[in-house]
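J.: fold the following, please.
(one chain, ligands or ions: 2)
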Amino acid sequence: MYYDKAESLSRDEISRLQLSRLRTTCERAARSRLYSRKFTGHGVRPEDVKTLDDLRRLPFTTKQDLRDSYPDGLNTVPTEKMVRMHVSSGTTGTPTVVYHTASDICWWSSMVARCMHMTGMRPNDVFQNTTSYGLFTGGLGMHYGAERLGCLAIPMGAGNTQRQLKLIQDFKVTALHIIPSYALYLANFCAQQGIDPKSLGVRIALVGAEPYSEETRRRLEDIFGFRAFNSYGLSEMNGPGVAFECPEQNGMHLWEDAYLAEIIDPETLEPVAPGEVGELVLTTLCREGMPIVRYRTRDLTRILPGGCPCGRSHVRIDRITGRSDDLIIIKGVNIYPMQIEQVLMSLPEVGQNYLIELYREGPIDQIRIKVEVKEEYFVEDMRSLNALKQKIAHKLRDEILVTPKVDLVEHNTLPKSEGKAQRVVDNREPE
Ligand code: ADP
Ligand code: ZN
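T.: Ligands and ions are numbered 1, 2, ... in the order given. Predicted coordinates for the structure are as follows:
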């Protein structure tokens with residue numbers, strides 16, 4: 001039933017494994033320039049880690065630390081021992097580099113294979129990776145995992161939707177790795193080509209790399225007839241394979257034999273109460289070439305209480321609501337783009353794409369949401385369109401507490417990027 005027996009270790013076994021791996025991680029990390037400096041600055045030595053609670057004595061690592069250490073300040077072995085490097089997508093600024101040894105790649109691939117197996121993928125599945133290869137970890141990361149599991153892996157890469165579809169059809173693809181915004185786009189594309197997405201026969205989709213709502217998952221499952229499993233990871237922690245949904249589709253199991261998770265209050269840096277939402281902080285437990293201690297992911301989530309009926313003992317994290325730096329403040333109200341997506345994707349008239357624009361009117365910040373409307377609802381009758389506009393604005397106001405300006409646009413008219421979607425455009429001038 002499980003890909004490996006580590007999935008159902010007892011809590012005690014997990015804790016013991018974590019402590020021994022944490023100690024090794026700290027010993028290794030201390031060999032890098034960054035951590036030798038940080039540990040000394042914090043007055044802590046690797047041998048001071050005697051219990052898991054001692055984790056809190058260790059310094060945090062931030063994205064800025066990684067940038068300042070560019071290109072190899074976190075490496076613990078000479079570059080000759082490294083076999084691969086990846087660079088984060090740079091969604092929020094200067095990219096950061098992560099190096100891997102052969103053993104790191106081996107671990108990472110088996111974690112991804114474990115995730116895939118958990119969703120029900122088996123060696124006889126044909127797996128197409130629709131995300132970009134190259135430096136983005138979702139390419140090679142998923143690819144190696146699929147090969148490790150024994151699937152036929154098709155390294156299609158991003159974009160070129162016509163070819164994407166042809167390969168899916170010709171090779172009877174049964175499993176996909178796909179970014180949510182691209183999955184929505186693919187749905188539109190199929191509609192245009194007169195292809196019923198269900199006829200493609202894909203049964204499993206690994207959907208992640210950017211935030212999306214439960215409403216989007218449901219919409220995708222309805223359109224394609226596959227089951228969509230949420231996939232969470234970040235380059236700093238290898239990439240995909242950190243946390244993944246099981247068949248229960250209720251929270252993502254975070255592999256505690258490979259990562260040590262904490263949830264902190266991003267302001268006070270103290271742990272939040274159990275079950276509360278905060279910033280996810282991760283420590284690598286198996287990485288050799290470039291271990292990272294207490295990495296502040298800036299991703300907001302919570303640990304779900306209770307065990308999972310699937311029997312896996314590793315904790316589950318909730319759907320990521322966004323990054324702490326995604327927060328939009330309009331008229332003093334805090335808004336996360338995910339709240340907007342959730343409302344839009346629950347409305348049948350709304351198409352597969354939208355764009356949030358922030359602008360200033362005099363001294364006041366305003367929010368405008370451009371919404372693609374499905375073809376069948378995009379009628380000439382002004383009165384119906386106005387009614388729809390109002391309906392959307394009201395639904396949004398109920399969720400985000402400010403009334404946005406809503407612009408309806410025809411489907412397939414908003415910009416579409418090949419990688420992660422850029423949902424928010426900030427046209428406010430800097431103060
Ligand atoms: P970048 O930080 O430049 O986007 P990465 O490719 O490493 O580079 O992206 C990792 C980030 O993507 C995560 O920190 C998180 O914000 C987001 N992410 C990845 N998977 C998910 C997911 N399933 N749900 C929400 N956000 C996700
Ligand atoms: Zn489970």
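J.: what segments of the stretch 201-350 of the chain are strands?
T.: In the stretch 201-350 of the chain, the segments counted as strands under DSSP state E, counting those that start in this stretch are 204-208, 227-234, 239-245, 252-254, 259-264, 278-284, 295-301, 316-317, 322-323, 328-330, 333-335, 350-361.
J.: ligand 1 contacts on this structure?
T.: Residues of the chain found near ligand 1, taking CB under 6 Å from any ligand atom as the criterion, are 88-91, 137, 208-211, 230-235, 297, 299, 320, 323. All C-beta spots, glycine's among them, are computed from the backbone N, C-alpha and C.
J.: if we can go back for a sec, deepest of the strands of the stretch 201-350 of the chain, which one?
T.: Of all those, strand 239-245 has the most neighbours on average by mean count of other CB atoms under 10 Å, namely a mean of 27.
J.: name every strand pairing with that one and say which way it goes.
T.: Sheet pairing for strand 239-245, assigned by DSSP bridges, gives strand 227-234 (antiparallel), strand 252-254 (antiparallel).
J.: dump the first one to CSV, restricted to CA.
T.: In CSV, the C-alpha atoms belonging to strand 227-234 read as follows (Å, rounded to 0.1, in the frame of the first residue of the first chain):
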residue,chain,number,x,y,z
ARG,A,227,-8.3,13.7,-9.6
ALA,A,228,-6.1,16.7,-8.8
PHE,A,229,-3.6,16.3,-6.0
ASN,A,230,-2.1,19.4,-4.4
SER,A,231,1.7,19.4,-4.6
TYR,A,232,3.9,21.7,-2.5
GLY,A,233,7.6,22.4,-2.6
LEU,A,234,10.1,25.1,-3.1
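J.: next, the angle from that strand to strand 204-208.
T.: Calculated by axes from the mean of the first three to the mean of the last three CA atoms, to 10 degrees, strand 227-234 forms an angle of 30 degrees with strand 204-208.
J.: what does strand 227-234 rub up against?
T.: Outside strand 227-234, the residues that touch it by CB atoms under 8 Å, 6 or more residues apart in numbering are 88, 115, 119-120, 137-138, 141, 177, 183, 203-209, 217, 220-221, 239-245, 247, 249, 252, 254, 297, 299, 317, 319-320.
J.: most proximal residue of the stretch 51-200 of the chain with respect to ligand 2?
T.: Met118 (7.6 Å; CB to the ion).
J.: and the nearest residue to that residue once chain neighbours are set aside, what is it in contact with?
T.: With CB to CB, 6 or more residues apart in numbering as the criterion, Met118 has its nearest non-adjacent residue at 5.1 Å, and that residue is Cys246. Contact analysis of Cys246 by CB under 8 Å, 6+ apart lists Met118, Thr119, His253, Cys308, Cys310, Arg312.
J.: Thr76 and Ser32 touch, don't they?
T.: Yes - counting by CB atoms under 8 Å, Thr76 does reach Ser32; the two are 5.0 Å apart.
J.: so which bits of the stretch 301-431 of the chain are right by ligand 2?
T.: Counting by CB under 5 Å from the ion, the residues of the stretch 301-431 of the chain close to ligand 2 are Cys308, Cys310, Arg312.
J.: mind checking how far the last one is from ligand 1?
T.: In other words, Arg312. Separation of Arg312 from ligand 1 (CB to the nearest ligand atom, to the nearest Å): 18 Å.
J.: for Val343, same thing?
T.: 18 Å.
J.: burial measure for that residue, as a count.
T.: Look at Val343: counted by other CB atoms under 10 Å, it has 21 neighbours.
J.: check contacts around the residue nearest to Lys374 when sequence neighbours are not counted.
T.: Of all residues not flanking Lys374 in the chain, Gly351 sits nearest, at 4.8 Å (CB to CB, 6+ apart). Going by CB under 8 Å, 6+ apart, Gly351 touches Asn188, Val371, Glu372, Val373, Lys374, Glu375, His411, Asn412.
J.: mind checking the SS state of the third one?
T.: What it means is Glu372. Using DSSP: H, G, I helix; E, B strand; the rest coil, the structure places Glu372 in strand.
J.: one step back: now for the contacts of Cys246, which sits with the most neighbours around it?
T.: Most neighbours among these, by other CB under 10 Å: His253, with 24 neighbours.
J.: let me see the domain layout of this protein.
T.: Per automatic domain parsing, the domain ranges recorded for the chain read 1-325, 328-426.
J.: could you dump these into CSV and include mean pLDDT?
T.: Listed next are those as CSV, based on pLDDT from 0 to 100:
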stretch, mean pLDDT
domain 1-325, 96
domain 328-426, 93
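J.: most packed of those domains?
T.: Mean neighbour count, computed with mean count of other CB under 10 Å, is highest for domain 1-325 among the domains of the chain, reaching a mean of 19.
J.: what is the distance between that one and the centre of its chain?
T.: 7 Å (CA atoms, centre = their mean, to the nearest Å).
J.: endpoints of that domain, how far apart?
T.: Domain 1-325 has an end-to-end distance of 39 Å (criterion: CA to CA, to the nearest Å).
J.: before we move on, what about stretch 39-59?
T.: Where stretch 39-59 begins and where it ends lie 7 Å apart, using CA to CA.
J.: with stretch 376-387 instead?
T.: Terminal-residue distance, stretch 376-387 (CA to CA): 15 Å.
J.: and the helices in the chain?
T.: All helices of the chain, identified by DSSP state H, fall at 11-29, 33-42, 63-68, 102-119, 137-149, 161-170, 180-193, 214-224, 337-345, 382-400.
J.: looking at the ones you listed, which is nearest to Glu276?
T.: With CB to CB as the criterion, Glu276 lies closest to helix 337-345 of those, at 17.6 Å.
J.: could you dump the closest one to PDB, C-alpha only?
T.: In PDB, the C-alpha atoms belonging to helix 337-345 read as follows (Å, rounded to 0.1, in the frame of the first residue of the first chain):
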ATOM      1  CA  PRO A 337      -5.300  37.100  -3.700                       C
ATOM      2  CA  MET A 338      -6.500  33.500  -2.900                       C
ATOM      3  CA  GLN A 339      -9.600  34.900  -1.300                       C
ATOM      4  CA  ILE A 340     -10.400  36.600  -4.600                       C
ATOM      5  CA  GLU A 341      -9.700  33.400  -6.600                       C
ATOM      6  CA  GLN A 342     -11.900  31.400  -4.300                       C
ATOM      7  CA  VAL A 343     -14.900  33.600  -5.000                       C
ATOM      8  CA  LEU A 344     -14.300  33.900  -8.700                       C
ATOM      9  CA  MET A 345     -13.800  30.100  -9.300                       C
END
